[in-house]
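>>> Coordinates only, no sequence provided:
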């Protein structure tokens, strides 16, 4: 061996250039020999946990921006010049707080004029109402014209029926009592006056008989009526009584004319009954004519009184209309005056003031912008998540700009109509804050978690610990009871079928298959084993064998055993 080394040494000295090359090769080979090379296998470690009762929560998440729950442009309802501004941007105001006031000189004058017009209309109405009340007899002092006319008309009927019985009796004696007026027999009349005289008597007698028949009918109605009867009944009775008297008066006149006709043709002494009968008929003609006149006057009076009542009613309605118009005018004038004062429509914060005192504003011109102190968050969800949300669901809100601030909110609005963008349908969801925090500003980005379902104090395990196969759910548990925290021997585990309940974001409810305190595989770790080999320069040339060394590293996994 020594001789070989000496020979190699002499060769290197004699060939220095070639020896340098050989040296580089040797160094590279030595580096390669001493470099660690690795190879190995992976081992799974199974981590155990205990089944315990927990709260399972299902939620939908999203992000959006904060904005005011309500924002209103406060505008003027009238045109004019602003003479007062009562707030500035950033002021907190309550509902009814004066924001601005316009010059109201003309509006105040309009209210005063409308108030005067209303007073005049009220006076006119009161007067018309009194007159109308008098026409109806509502006054305790004045009886209505119509009521008086009806009463007078009924009294006229009564007066007429007092005279009619005697008239019918006396005239009937002339016609039908031979001993009363013997000259008036048909034979005497025919002998004295011929057929003409007989026709006169006949025509007058037929009219008289008809009047007497009418009298019997009308008198029965008269007995069944009073001054308190309704207007229509009284007017009808007056009219029929007048017609009766008119017919009777015609019969009386015909009878009187018949007697005149035959008396003028009598020779010798004229019977005394002729003059008596003519005198009687004349007086009765006068009476019936008077009754006709009074009955006609009663009808006219009732008609006039009715017209007066109608006129009074029309005047009252007209006065009432004028009064209502005056009231409406005053109300409108007051509203116009009130509109010259612009107030906050709700409790909130003045976000912007658009005008200053002295500026002119038109009807509808914006004076200020007010927002509510209560904020909301608006997010957009896909159609799958949106179907899980309903009004009233609770939400947890976190803010990118405010570390550590977490607030609760409530869903108060979910869009019914979706928005399509690039073929994707989304629905807006609005969430109100359950409390306020002055640090929250409009425009802040907010992360939202909306709870769509939960179960409290339920047996639950991580969803990642559950395996599925053929539509069934399983977990791995130790075959025998153990207090160990983990194992790498899968043969010590077995699958247990379970029934699941609510599946939340991280936990799943266990309905059956496991009991509180049972041990199960909650997660796994992958352990990787490696080997390293080192050699010497001399090993390249038949030196000592390489030596082995081992080292290990681990990686974690939450997947359930496979």
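Thanks, I have the structure now. Keep in mind it's a predicted model, so treat the numbers as computed, not measured.
>>> make it CA atoms for all contacts and neighbour counts henceforth
Will do.
>>> for the spatially closest residue to residue 55 that is not a sequence neighbour, what are its contacts?
Residue nearest to residue 55 in three dimensions, not counting chain neighbours: residue 456, with 4.5 Å by CA to CA, 6 or more residues apart in numbering. Residues counted as contacts of residue 456 (CA atoms under 8 Å, 6 or more residues apart in numbering) are 54, 55, 56.
>>> ranking the residues you listed by neighbours, who comes first?
For the contacts of residue 456, counting by other CA atoms under 10 Å, the largest number of neighbours falls to residue 56: 23 neighbours.
>>> Please look at it and residue 504 and confirm they touch.
Yes - assessed by CA atoms under 8 Å, residue 56 is found in contact with residue 504 at 5.7 Å.
>>> any common contacting residues for these two?
Common neighbours of residue 56 and residue 504 (CA under 8 Å, 6+ apart) are residue 454.
>>> care to break this structure down by domain?
The chain breaks down into these domains under automatic domain parsing: 2-34, 43-51+466-534+547-557, 59-69+374-451, 82-102+340-369, 145-324.
>>> want to throw those into JSON lines with mean pLDDT and mean neighbour count?
Supplementary listing: the domains of the chain in JSON lines, determined by pLDDT from 0 to 100; neighbours: other CA atoms under 10 Å:
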{"stretch": "domain 2-34", "mean pLDDT": "45", "mean neighbour count": "12"}
{"stretch": "domain 43-51+466-534+547-557", "mean pLDDT": "77", "mean neighbour count": "16"}
{"stretch": "domain 59-69+374-451", "mean pLDDT": "88", "mean neighbour count": "17"}
{"stretch": "domain 82-102+340-369", "mean pLDDT": "89", "mean neighbour count": "17"}
{"stretch": "domain 145-324", "mean pLDDT": "91", "mean neighbour count": "17"}
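>>> So which of those is nearest residue 123?
Evaluated with CA to CA, the domains of the chain place domain 145-324 nearest to residue 123, the distance being 9.1 Å.
>>> what separates that closest one from the chain centre, distance-wise?
In terms of CA atoms, centre = their mean, to the nearest Å, the centre of domain 145-324 is found 71 Å from the chain centre.
>>> could I get the contacts of residue 456 as TSV with pLDDT and secondary structure?
Supplementary listing: the contacts of residue 456 in TSV, determined by pLDDT from 0 to 100; DSSP: H, G, I helix; E, B strand; the rest coil:
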residue	pLDDT	secondary structure
54	90	strand
55	88	strand
56	85	strand
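>>> Can you read off the pLDDT for residue 138?
Each residue has a pLDDT score; the one for residue 138 is 55.
>>> wait, I meant residue 36
At residue 36, the pLDDT value in this model is 41.
>>> For the stretch 201-350 of the chain, which segments count as helices?
Taking DSSP state H, counting those that start in this stretch, the helices of the stretch 201-350 of the chain run over residues 231-263, 272-338.
>>> Just list what the longest one packs against, helices and strands only.
Under the contact criterion of 3 or more CA pairs under 8 Å, 6 or more residues apart in numbering; DSSP states H and E, helix 272-338 touches helix 105-136, helix 145-176, helix 231-263.
>>> the inter-axis angle of it versus helix 105-136?
Following axes from the mean of the first three to the mean of the last three CA atoms, to 10 degrees, one obtains 160 degrees for the angle between helix 272-338 and helix 105-136.
>>> Let me see the backbone angles for residue 340.
Dihedral angles of residue 340 (phi, psi; degrees, to the nearest 10) stand at phi -80, psi -10.
>>> contacting residues around it?
Listed by CA under 8 Å, 6+ apart, the contact set of residue 340 reads 76, 77, 78, 101, 102, 103, 104.
>>> Just the buried ones out of those, please.
Among the contacts of residue 340, those buried by neighbour count (16 or more other CA atoms under 10 Å) are 76, 77, 78, 101, 102, 103, 104.
>>> Could you measure from the nearest residue to the second one once chain neighbours are set aside over to residue 246?
If I follow you right, that is residue 77. With sequence-adjacent residues excluded and distances taken as CA to CA, 6+ apart, residue 77 is closest to residue 363, at 5.2 Å. The gap separating residue 363 from residue 246 is 77 Å, by CA to CA, to the nearest Å.
>>> likewise residue 369?
Taking CA to CA as the measure, residue 369 and residue 246 are separated by 88 Å.
>>> swap in residue 60?
Relative to residue 246, residue 60 is positioned 102 Å away (criterion: CA to CA).
>>> from what I can see residue 315 touches residue 126, true?
No - with the criterion set as CA under 8 Å, residue 315 and residue 126 do not qualify as a contacting pair; they are 11.0 Å apart.
>>> Nearest the middle, which residue of the chain would you pick?
Against the mean C-alpha coordinate of the chain, by CA atoms, centre = their mean, the closest residue is residue 413 at 17.7 Å.
>>> Which strand or helix spans the closest residue to that one other than its chain neighbours?
Beyond its immediate neighbours in the sequence, the residue positioned closest to residue 413 (CA to CA, 6+ apart) is residue 430, lying 5.2 Å away. Counting by DSSP states H and E, the element that carries residue 430 is strand 424-433.
>>> rewinding a little: show me what the residue nearest to residue 413 is bridged to.
Beta-bridge pairing for residue 430 (DSSP bridges): residue 378, residue 413.
>>> residues touching it, list them.
For residue 430, the residues meeting the contact criterion (CA under 8 Å, 6+ apart) are 376, 377, 378, 379, 411, 412, 413, 414.
>>> and which of the residues you listed is nearest to residue 356?
Residue 356 has its nearest neighbour among the contacts of residue 430 in residue 376, at 30.9 Å by CA to CA.
>>> what's near enough to touch the nearest residue to the closest one once chain neighbours are set aside?
In space, and not counting its chain neighbours, residue 376 is closest to residue 432: 4.4 Å by CA to CA, 6+ apart. For residue 432, the set of contacting residues under the criterion of CA under 8 Å, 6+ apart consists of 69, 374, 375, 376, 377, 409, 410, 411, 412.
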